[in-house]
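Q: make a model of this:
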Amino acid sequence: MFAVFLFKVFGFTPSKSQFFCLILLFLTSKAFCGPKDSLFYQVRSLEDKAFVSFVIENYYEIYSLNFDSAILMTAEARQMAETNGWIQQAAYASLYHGVATFLRGDYEQSLPSYLYALTIFDSLQDHRGVGRTSIELAGFYHKNGQYEKANETADQAQTAALLANDTKTLGTYYGFKMTFLMRQEKYDEAHPYMLKAFEIRKKDQDSIGLGYAYLDFAEYELRKGNLEAAQQYVDQSTAIRKLIGDDQGVAINSVITGENYFHVGQYKKAIPFFKKSIEQATPIGYTDLIRFGYDMLQQSYVKLGDYEKAYDHLQQAQVFNDSIFGLEKSKALLTLQTQYETEKKEKEIELLSVENELRAAEIINANNRFYASIGGIVLLIFIGYLVFNRYQQKQRALLAEEKAISQKLGFKSLIEGEEKERKRIAQELHDGLGQLLSTARLNVSAMEDRVEKLVTKQWENSIKLIDEAVTEVRHISHNMMPNALISIGFEAAIKEQAHIINDAQKVKVHVDLPSEKIDLPESEAIALYRVIQEILNNALKYAEAKNIWLTISNNESLSISIKDDGKGFDTNLIPTSAGIGWQNIHSRMEILNGEIRIISSPGQGSEISLKLAV
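A: Next up, the predicted model:
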């Protein structure tokens, strides 16, 4: 993968010896953090999509070179991907940003990055992304002492990896389980996971992974107290690393051998291996390993009681510790650019042969264009079919919409006709029958002085019946068409309705109206009044309430709230109600293009909210 990384940046593929030299050169130069002619700025000169893809595909090589650069580049790649709407790429950039910050020890940044990535991967059903993020999260939780959560998250990673057939994550999962169990000294349970990780690395022909797998075997044997077996596995790892020219890995194995002897108390045997690792790391400039070797030497001499040598090696370790991040980055860049120019000339020679191949490819392309034209015709026919089919669907939708509008208009006309008839009958009752009853009462009242004592009782009953008839006619006339609604407006009709209810002294209606006049067309005012009237009647009949609060506000829209302290009801029963009251309410609100919301439950009272544009 690193060879691809170099080719993408510099345009060449290194030989095997160059490959490892370049790795070591990058690891010791902080090449990504130099001045403006550094590798970072060359990579950043790529187009947005190329830059994001480059960071995602080569994140391992980037943070192997320098964590600060990895954090900077993954953060920029994520921001760039978000800006361009590349959601999946943003998730992967965030994942690798989390890895880089975690390895640097910046846990406050790593956890949000992991969770951001996991959220997106879940939404996209990207099992590979879910698995890789979950296994990194498992490492995070384990590092922070949340062992149960770490184990649970690792199992989630395994499930996702199996769905995605991601052997890389599976191998990491088995390695994690092995380490998790070994920390608990459950060596027998850890062993099968170690074998599974080894089998995957072997099947994938992952030489670098096998080098680490053998070191896992070594740790397993050492923890069981088998120093000889542990060292045999270290030697197998060393053999692989020598075979692939991994001088850095060989140096690491030397220091691991020294650590093995150190941990079993064989300090004199450990010292030569620490010295050997320093000798192997010096030519390749692996300063961090040199520092660690000197540190282990000083610890060994402390154990042996030779404090003078221990102090000398402590000073040497400190020198390298101070110099690790002080190397000249320009030297590494100069070497890389020299190699780049050399390989560029070699590529120019290769291009001559490529041109000959392109001429031959032109003949093939001519044939491909012919077949492409046929395919284009077929595609046009298919597109024409899709367009025609879409047109038919659109026409059907328009017809359905027109039918719905027609039905709505018809219902509106029916309601308006009904209201006109109500108005006519109410007027006739008021002007006709009401006046006749009033005249009859006057005539009967005029007979009061001439009524004989014998018929006084009948006369009084007649007066009472006429008064009741007049009241009933007025009540019927008001219900059919309130005079206040027609003569002085919507608010007056609402107040009159509340006054009538309050006069009965069974329920108290509290009315809160806006200060400004509610300006509605007559047809809409009547329809809205009918809705409020129906809701109030329902509350009077069924709610068993003591108070009803009617509140109207008129801001950007007209909002009406009718709330009672009654026994409430189950709103799920409204669709199956046998009465037509709720049907009338919903129908009128639909005509008004309004909204209705009903909140109620048994024993909790009710609140019905209406809202419509004005």
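Q: confirm Ser515 sits in a helix?
A: No: the assignment for Ser515 (DSSP: H, G, I helix; E, B strand; the rest coil) gives coil, which keeps it out of a helix.
Q: pLDDT score for it?
A: Residue-level confidence at Ser515 comes out at 86, pLDDT.
Q: what about it, how many neighbours?
A: 5 (other Cβ atoms under 10 Å). Heads up, the C-betas are built off the backbone N, CA and C, glycines and all.
Q: which residues in this structure form strands?
A: 508-512, 547-554, 557-564, 595-600, 606-613 (DSSP state E).
Q: out of those strands, deepest packed?
A: Neighbour counts averaged per stretch over the strands of the chain are highest for strand 557-564, at a mean of 19; criterion: mean count of other Cβ atoms under 10 Å.
Q: between that one and strand 595-600, how many degrees?
A: Strand 557-564 and strand 595-600 are oriented at 20 degrees to each other (axes from the mean of the first three to the mean of the last three Cα atoms, to 10 degrees).
Q: mind listing residues that contact strand 557-564?
A: Outside strand 557-564, the residues that touch it by Cβ atoms under 8 Å, 6 or more residues apart in numbering are 518, 520, 528, 532, 535-536, 539, 543, 545, 547-553, 605-614.
Q: CA atoms of stretch 207-225 as PDB?
A: Output in PDB follows, covering the C-alpha atoms of stretch 207-225 (Å, rounded to 0.1, in the frame of the first residue of the first chain):
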ATOM      1  CA  SER A 207       3.700 -10.700   5.900                       C
ATOM      2  CA  ILE A 208       3.700  -7.600   8.100                       C
ATOM      3  CA  GLY A 209       0.700  -8.900  10.000                       C
ATOM      4  CA  LEU A 210       2.300 -12.300  10.400                       C
ATOM      5  CA  GLY A 211       5.300 -10.700  12.000                       C
ATOM      6  CA  TYR A 212       3.000  -9.200  14.600                       C
ATOM      7  CA  ALA A 213       1.100 -12.500  14.900                       C
ATOM      8  CA  TYR A 214       4.200 -14.400  16.000                       C
ATOM      9  CA  LEU A 215       4.900 -11.700  18.500                       C
ATOM     10  CA  ASP A 216       1.400 -12.400  19.900                       C
ATOM     11  CA  PHE A 217       2.400 -16.000  20.300                       C
ATOM     12  CA  ALA A 218       5.500 -14.900  22.000                       C
ATOM     13  CA  GLU A 219       3.600 -12.800  24.500                       C
ATOM     14  CA  TYR A 220       1.200 -15.700  25.200                       C
ATOM     15  CA  GLU A 221       4.100 -18.100  26.000                       C
ATOM     16  CA  LEU A 222       6.000 -15.500  28.100                       C
ATOM     17  CA  ARG A 223       2.900 -14.800  30.300                       C
ATOM     18  CA  LYS A 224       2.600 -18.500  30.900                       C
ATOM     19  CA  GLY A 225       6.300 -18.500  31.900                       C
END
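Q: model confidence over that stretch, on average?
A: Computed over stretch 207-225, the average pLDDT equals 83.
Q: for that stretch, which positions count as buried?
A: 209-222 (16 or more other Cβ atoms under 10 Å).
Q: re earlier: between the strands of the chain, which gets nearest to Gly489?
A: Evaluated over the strands of the chain, closeness to Gly489 peaks at strand 547-554, with 12.7 Å, by Cβ to Cβ.
Q: how far out from the middle of the chain is the closest one?
A: Centroid separation for strand 547-554 versus its chain: 41 Å, with Cα atoms, centre = their mean, to the nearest Å.
Q: again with stretch 113-128
A: 8 Å.
Q: buried sites along it?
A: Ser113, Tyr114, Tyr116, Ala117, Leu118, Ile120, Phe121, Asp126, His127, Arg128.
Q: what would the residues you listed look like in a markdown table with distance to Val255 and pLDDT?
A: Conversion of the buried residues of stretch 113-128 to a markdown table gives the following (distance: Cβ to Cβ, whole Å; pLDDT from 0 to 100):
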| residue | distance to Val255 | pLDDT |
| --- | --- | --- |
| Ser113 | 32 | 92 |
| Tyr114 | 31 | 92 |
| Tyr116 | 37 | 93 |
| Ala117 | 34 | 94 |
| Leu118 | 36 | 93 |
| Ile120 | 40 | 94 |
| Phe121 | 38 | 95 |
| Asp126 | 39 | 96 |
| His127 | 38 | 96 |
| Arg128 | 35 | 96 |
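Q: biggest separation within these, which pair?
A: So, the buried residues of stretch 113-128 by Cβ to Cβ: farthest apart are Ser113 and His127, at 19.6 Å.
Q: isn't Gly293 right up against Ala270?
A: No: counting by Cβ atoms under 8 Å, Gly293 stays clear of Ala270, with 10.8 Å between them.
Q: more neighbours: the two, which one.
A: More crowded of Gly293 and Ala270, by other Cβ under 10 Å: Gly293, with 28 against 24.
Q: how about the helices in the stretch 451-600 of the chain?
A: Assigned by DSSP state H, counting those that start in this stretch, the stretch 451-600 of the chain shows helices spanning 456-480, 483-487, 490-503, 522-538, 581-591.
Q: now do the shared contacts for Gly293 and Ala270.
A: Joint contacts of Gly293 and Ala270 (Cβ under 8 Å, 6+ apart) are Gly258.
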